[in-house]
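In: got a structure for you, letters missing:
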């Protein structure tokens with residue numbers, strides 16, 4: 001899911017990196033300006049900047065053994081990062097030795113950002129924040145916690161710059177009347193009908209099937225027995241991102257720009273969150289948040305039910321196959337060469353009928 005760049009020249013599978021993946025550090029920028037003006041930044045400023053290079057990064061190491069493991073941890077800690085022994089909700093970055101390990105898939109399913117060890121080593125040796133993009137193994141949620149104010153400011157600028165284009169597109173291509181269109185009168189009833197439990201349950205099945213198909217069409221695809229699980233986790237994570245965006249008073253359309261594949265529910269929420277509609281047609285932010293949360297609960301319940309049903313069906317199939325094989329003795333199987341089989345066939349055809 002994270003969304004690919006709209007530039008036709010970019011590789012189709014590569015996601016356009018959001019603002020938080022930029023490695024440009026404000027302190028480093030000011031240092032460079034000062035270098036140009038005064039010559040060289042003072043050693044004290046340089047030391048202080050180095051100890052804050054990875055401030056806001058909460059990292060986990062995977063696939064490394066000592067002494068390499070302790071060396072990497074010490075380097076990251078020296079640059080201001082925080083270490084965790086295992087992945088949890090407050091972690092922002094996984095430093096991984098190999099792709100497609102159990103830990104790699106766990107963090108990937110949680111939409112976490114994964115980077116190779118070389119990035120840590122390069123930052124440490126160069127004593128500056130190196131561009132993270134070439135070292136990324138998986139692009140997920142923000143890899144550091146701080147600088148939220150600058151990220152928010154950047155997000156607002158992006159939204160404002162795209163607003164005229166979105167409005168022009170709405171005017172030139174008026175939306176066709178669909179179930180997601182909100183009537184000027186009685187809008188709440190229309191929205192309730194659209195997001196009714198029965199309607200949302202149909203979305204769940206449709207979203208799961210489409211997400212699985214999308215994952216299977218990628219060059220780097222999950223293992224067959226993990227596809228549905230990763231698809232379900234991705235849907236819920238995307239929906240949670242939309243909820244958090246609403247709670248922070250951001251535009252849901254900013255979330256849609258960060259994902260390559262969007263579930264139906266997030267598209268509908270984006271339409272309701274100011275997607276070119278008049279104020280009379282829109283729900284309040286509080287109503288929209290409650291609607292999104294209740295919809296997420298339905299999604300989680302339905303996805304859990306689907307997973308449980310598949311497990312039960314698989315167990316029944318396994319039991320049936322086991323019962324069919326009962327009484328079969330593999331020791332009674334006769335192994336024959338091609339010549340023996342050919343002779344046996346000739347013998348059968350040459351025998352006279354009784």
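Out: All right, it came through fine. Predicted model, so just to flag it, every value in this text is computed and none were measured. Numbers count the residues shown, from 1 in each chain.
In: mean confidence score for stretch 257-271?
Out: Stretch 257-271 carries an average pLDDT of 82.
In: that one: end-to-end distance?
Out: 14 Å (Cα to Cα, to the nearest Å).
In: same question, stretch 84-104
Out: Stretch 84-104 end-to-end distance (Cα to Cα) = 15 Å.
In: what do you get for stretch 255-268?
Out: 13 Å.
In: tell me where the stretch 151-300 of the chain has helices.
Out: 187-194, 197-216, 227-247, 252-256, 264-272, 285-324 (DSSP state H, counting those that start in this stretch).
In: which one, of those, ends up nearest to residue 124?
Out: helix 227-247 (31.3 Å; Cβ to Cβ). C-beta coordinates here come from the backbone N, C-alpha and C atoms, glycine included.
In: for that closest one, name the packing helices and strands.
Out: helix 102-109, helix 197-216, helix 252-256, helix 264-272, helix 285-324 (3 or more Cβ pairs under 8 Å, 6 or more residues apart in numbering; DSSP states H and E).
In: so which of the helices of the stretch 151-300 of the chain gets nearest residue 96?
Out: Closest to residue 96 of the helices of the stretch 151-300 of the chain, according to Cβ to Cβ: helix 227-247, at 16.7 Å.
In: for the closest one, give the mean pLDDT please.
Out: If you average the pLDDT values across helix 227-247, you get 87.
In: and for stretch 208-218?
Out: pLDDT averaged over stretch 208-218 gives 87.
In: buried ones in it?
Out: 208, 210-212, 215 (16 or more other Cβ atoms under 10 Å).
In: before we move on, what about stretch 290-304?
Out: So for stretch 290-304, counting by 16+ other Cβ under 10 Å, buried means 291-292, 295-296, 298-299, 302-303.
In: over to stretch 113-120?
Out: So, applying 16+ other Cβ under 10 Å, buried residues of stretch 113-120: 113-117, 119-120.
In: out of those residues, who's nearest residue 94?
Out: Distances from residue 94 to these, taken by Cβ to Cβ, are shortest for residue 114, at 4.6 Å.
In: break this structure down into its structural domains.
Out: 19-32+42-138, 174-307 (automatic domain parsing).
In: closest to residue 98 out of the helices of the stretch 151-300 of the chain?
Out: That would be helix 227-247 among the helices of the stretch 151-300 of the chain, by Cβ to Cβ, at 18.1 Å.
In: and the angle from that closest one to helix 197-216?
Out: Calculated by axes from the mean of the first three to the mean of the last three Cα atoms, to 10 degrees, helix 227-247 forms an angle of 120 degrees with helix 197-216.
In: quick one: low-confidence residue ranges for this protein.
Out: 1-48, 146-193, 274-282, 314-335, 349-354 (pLDDT under 70).
In: which stretches of the stretch 1-150 of the chain form helices?
Out: 26-38, 43-50, 68-78, 102-109, 117-126, 148-172.
In: which residue sits closest to residue 124, ignoring its sequence neighbours?
Out: In space, and not counting its chain neighbours, residue 124 is closest to residue 75: 4.3 Å by Cβ to Cβ, 6 or more residues apart in numbering.
In: my guess is residue 228 contacts residue 215, does it?
Out: No. Assessed by Cβ atoms under 8 Å, residue 228 is found out of contact with residue 215, at 9.0 Å.
In: count of neighbours near residue 127?
Out: 12 (other Cβ atoms under 10 Å).
In: that one and residue 301: what is the separation?
Out: Separation of residue 127 from residue 301 (Cβ to Cβ, to the nearest Å): 51 Å.
In: check residue 273 too.
Out: Distance from residue 273 to residue 301, by Cβ to Cβ: 24 Å.
In: got it, and residue 217?
Out: Taking Cβ to Cβ, one finds residue 217 at 28 Å from residue 301.
In: same thing with residue 196?
Out: Taking Cβ to Cβ, one finds residue 196 at 15 Å from residue 301.
In: number of residues surrounding the residue nearest to residue 214 when sequence neighbours are not counted?
Out: Excluding its sequence neighbours, the residue lying closest to residue 214 (Cβ to Cβ, 6+ apart) is residue 261, at 4.8 Å. By other Cβ under 10 Å, 19 other residues sit near residue 261.
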